[in-house]
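Visitor: Generate coordinates for the sequence data below:
(one chain, ligands or ions: 1)
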Amino acid sequence: MNFHSTNQRDRETSTSKMNLVIFACVTIIITLLLRIYFKTKYKRFYKLIEQFPSHPTSPLIGNLKASYATVKDFRRNVMDLMKSHDRLIFWIGPIPILLLKRADDVSFILSQCDNREMHELGKQWAGVGVLTGSYEEWKKSRKLILPAFSAKMLSKYVETFITKSSNLVDRFKPMADTGEVVNISDHALTINIETMLENVLDVSPEEAGKAGEEFGHLTAKVFEFIIDRMLKPWLYPHCFYNLYLKLTGKMKLVEAFHYLPTKMLKERTAEFKARKEQSDFVDSPKTIINLIISENQREDTRFNEERLKGELLQMIAAGFETSSLSLSTILLMLALHQDAQEKVYEEILRDLQGETKITAHHVMNKFKYLEQCFRETVRMYSPIVLTLRQTYKEHVLRDNTIIPSGLCVVPLIHLAQRDGDLYENPDKWDPDHYSDEAILKRPKGKETAFGNGVRYCLGSKYVTFSIKSQVAHVILNYRLTSNIKELKPEDLRMDFSIRSAIGYPIIFHSRQKTAQM
Ligand code: HEM
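Guide: Have a look, this model is predicted:
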C-alpha cells in the first residue's frame with residue numbers, strides 16, 4: 001500500500017515537473033515567435049537600432065535587472081554606463097530606449113522632436129496638463145498657460161519673491177554668528193513651496209505657511225513615484241496602476257496632493273464668476289490660477305475643472321523642486337567660492353546705488369554676475385537630469401546616424417551640460433562660463449539646461465528672478481562659509497534631479513557685524 005502511494009506521489013511530482021517544463025518551453029517559444037514577428041514586421045526599426053551600441057541584455061527582461069534595483073541606483077547606473085558611450089540602447093524589458101549624452105545630440109533631439117508621451121505615466125498623480133498631456137493636449141495647455149509667464153505677470157510674481165526673500169533672511173537670523181552649520185535644504189524647500197503656493201494657487205501667506213511644508217514634501221515624493229512606475233513596464237496600463245495605488249495605500253497620497261489645488265480652484269472660480277456678474281470689468285490677475293481661470297473663457301481652449309487642476313499641479317511640480325534645489329546649490333557654491341561671493345556682494349552694493357532695499361527693478365534688470373552664478377549652478381547641478389522624447393518620424397543625426405521612428409529617446413541633459421566641446425573645464429564651477437565673451441564663443445542653441453525648441457522651459461525667467469531675489473537678499477545680509485571644502489562627485493545623489501547627499505551645510509555670518517569688527 002505504502003509502496004503504491006510513494007509511486008503515485010513520484011508520478012505526480014514528475015508530472016508537475018513536466019508541466020512546468022512544457023509551460024517554460026511554450027513561453028520561450030511564444031516569446032521567440034513574437035520577437036521574430038516584431039523583428040520582421042518592424043525590420044527597419046530594429047535594423048536602425050542595431051547601429052547603436054547596446055547594453056548587454058538578458059533574454060526577455062532586457063536590462064530590467066539593472067533598472068529594477070531602486071530608482072536612485074538606476075540613475076547612477078545609467079550615468080556610469082554612459083561614461084564610455086555617447087549613445088546607448090538600454091532595454092526596459094522588451095522596450096528599447098536610446099540614451100544620448102552629447103550636447104550636439106541632446107540639443108538636436110530636443111529641438112526636433114516635441115513629443116513626450118512617456119510622461120503620460122504621471123497622469124494619476126498630476127492629472128492632464130502641459131507636462132503629462134498627449135501631443136494634442138500639450139498644444140492646448142501651452143497656449144493656455146503661456147500668458148502666465150508674460151513680462152507683466154512676471155513683474156507681479158517678483159513682488160512675492162521680494163517679500164519671501166526677506167522672510168528667508170529672517171529665518172537665518174537665529175543661526176547667524178553662532179557658528180552653527182545649517183543644512184539649508186529644508187529652509188529652501190519651505191520658502192519656495194510657499195512662494196509657489198502664493199503665486200500659482202493664490203493661497204494667502206498664512207495658509208501657505210501652514211500647508212507649505214507638507215505639500216512640498218508630498219510634491220517631491222510624487223516625482224519618485226512617477227519614475228518608479230516608468231521603470232516597471234507592468235504598471236504602464238492605467239487600470240493596473242490604479243489597482244496598485246489602491247492596494248499600496250498610495251491613492252490616499254494622490255488625494256492629499258490634489259486637495260489644495262481643488263479647493264483653491266473652486267474658491268477662485270466662484271469669486272471670478274461673482275465679479276463677472278457684478279461688472280464686466282475684472283481686475284487683471286496677479287496669480288497663475290486667476291490668470292488661467294480668466295484665459296479659460298476663450299472659446300478655443302475651454303478646459304474643465306479637472307484639466308485646470310492638472311495645469312496648476314504641474315506648474316507647482318515643475319517649478320518648486322527645481323527652484324528650491326537651485327537655491328540650496330547656489331548658496332553652497334557661493335559659500336565654497338569666496339571670491340565669487342564677494343563679487344556678488346560688491347555687485348549688489350554697486351547696483352543698489354545707495355538704496356537699502358532690493359526692488360523688482362534690481363531683480364529683473366540688474367545683478368548680472370549673480371545671474372551668471374545661477375546659470376553656472378544650473379549647468380553643473382541640473383535640477384532636471386533628463387527628459388523623454390518619443391519619435392514619430394526618423395531623425396538624422398549630424399553624423400548621418402538615423403534614429404528610427406517609434407523609439408523612446410532619453411536626452412541626458414545633465415551630461416550634455418558638462419560636454420567638453422561646449423565648455424572649458426566643464427567639471428569646474430566657474431560663473432565665467434557665462435561671461436559675455438564665453439557665451440559669444442559657444443555655438444548657439446546647444447545649451448539644454450532649460451530644454452530646447454518648442455518645449456523650452458516656461459519657468460526659466462520665473463526661476464531666474466526668484467533665485468536672484470533670494471540670493472541677493474541673503475548675500476546682502478550674510479557672508480556665507482561652509483564646513484566642507486568642495487562638493488565631490490561622490491557626494492551627489494541623482495534621482496530626477498541632482499542633489500547633494502551630504503546636505504547643503506552653510507555657516508552664516510552677519511555682514512553688519514563683520515563690518516563693525
Ligand atoms: C532651475 C530651474 C528649472 C530648470 C533647470 C528647468 C528645466 C526645464 C527643462 C529642461 C524643461 C524641458 C523639458 C523637456 O523638453 O522635456 C522644462 C520644461 C518646463 N518647465 Fe522648467 N525648469 C526649471 C524651473 C521651472 C519653473 C520654476 C517652472 C514654473 C514656474 C517651470 C515650468 C516648466 C514647464 C511648465 C515646462 C514644460 C514646457 C512644455 O513642455 O511645453 N520650470 N523645464
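
Visitor: What is the burial count for the residue nearest to residue 430 when sequence neighbours are not counted?
Guide: Leaving aside its sequence neighbours, residue 430 sits nearest to residue 376 (CB to CB, 6 or more residues apart in numbering; 6.5 Å). C-betas here are computed from N, CA, C, even on glycine. Counted with other CB atoms under 10 Å, the neighbours of residue 376 add up to 23.

Visitor: Could you do residue 305 as well?
Guide: Neighbour count of residue 305, defined by other CB under 10 Å: 12.

Visitor: what's the answer for residue 278, then?
Guide: Other residues lying near residue 278 total 9 when counted by other CB under 10 Å.

Visitor: and the closest residue to the ligand within the stretch 401-517 of the chain, how many neighbours?
Guide: Closest contact between the stretch 401-517 of the chain and the ligand, by CB to the nearest ligand atom, is at residue 459 (2.1 Å). Residue 459 has 17 neighbouring residues, counting by other CB under 10 Å.

Visitor: Excluding sequence neighbours, find me the nearest residue to it.
Guide: Nearest one to residue 459, counting by CB to CB, 6+ apart, is residue 319 at 5.0 Å.

Visitor: Can you tell me the element that neighbour falls in?
Guide: Taking DSSP states H and E as the criterion, residue 319 maps to helix 305-336.

Visitor: Give the buried residues for that helix.
Guide: Across helix 305-336, burial judged by 16 or more other CB atoms under 10 Å covers 307-336.

Visitor: wait, the residue nearest to residue 459 sits on residue 467?
Guide: No. With contact defined as CB atoms under 8 Å, residue 319 does not count as touching residue 467 (11.6 Å).

Visitor: Nearest residue to the residue nearest to the spatial centre of the chain in space, please, no chain neighbours.
Guide: For the chain, the residue sitting closest to the mean C-alpha position, by CA atoms, centre = their mean, is residue 384 at 4.3 Å. Leaving out its chain neighbours, the residue that sits closest to residue 384 by CB to CB, 6+ apart is residue 413, at 5.8 Å.

Visitor: And for residue 432?
Guide: Using CB to CB, 6+ apart and skipping the chain neighbours, the partner closest in space to residue 432 is residue 438 (6.1 Å).

Visitor: Tally up the residues packed near the one you found, please.
Guide: 16.

Visitor: before we move on, what about residue 291?
Guide: Residue 291 is flanked by 22 other residues according to other CB under 10 Å.

Visitor: May I have the helix or strand containing it exported as PDB, CA atoms only?
Guide: For residue 291, the host element (DSSP H and E) is helix 288-295. C-alpha atoms of helix 288-295 as PDB (Å, rounded to 0.1, in the frame of the first residue of the first chain):
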ATOM      1  CA  ILE A 288      -1.500  82.000 -12.200                       C
ATOM      2  CA  ILE A 289      -4.800  80.400 -11.000                       C
ATOM      3  CA  ASN A 290      -6.700  83.700 -11.600                       C
ATOM      4  CA  LEU A 291      -5.000  84.100 -15.000                       C
ATOM      5  CA  ILE A 292      -5.900  80.700 -16.300                       C
ATOM      6  CA  ILE A 293      -9.400  81.000 -15.000                       C
ATOM      7  CA  SER A 294      -9.900  84.200 -17.000                       C
ATOM      8  CA  GLU A 295      -7.900  82.900 -20.000                       C
END
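
Visitor: Quick one: work out the angle between it and helix 305-336.
Guide: On the basis of axes from the mean of the first three to the mean of the last three CA atoms, to 10 degrees, helix 288-295 is oriented at 140 degrees to helix 305-336.

Visitor: Can you give the distance from helix 288-295 to the centre of its chain?
Guide: In terms of CA atoms, centre = their mean, to the nearest Å, the centre of helix 288-295 is set 24 Å apart from its chain centre.

Visitor: And for stretch 442-455?
Guide: In terms of CA atoms, centre = their mean, the centre of stretch 442-455 is found 16 Å from the chain centre.

Visitor: same deal with stretch 134-152?
Guide: Using CA atoms, centre = their mean, the offset of stretch 134-152 from its chain centre is 18 Å.

Visitor: measure it end to end?
Guide: End-to-end distance of stretch 134-152 (CA to CA, to the nearest Å): 29 Å.

Visitor: Give me the average confidence score over it.
Guide: The average pLDDT within stretch 134-152 is 91.
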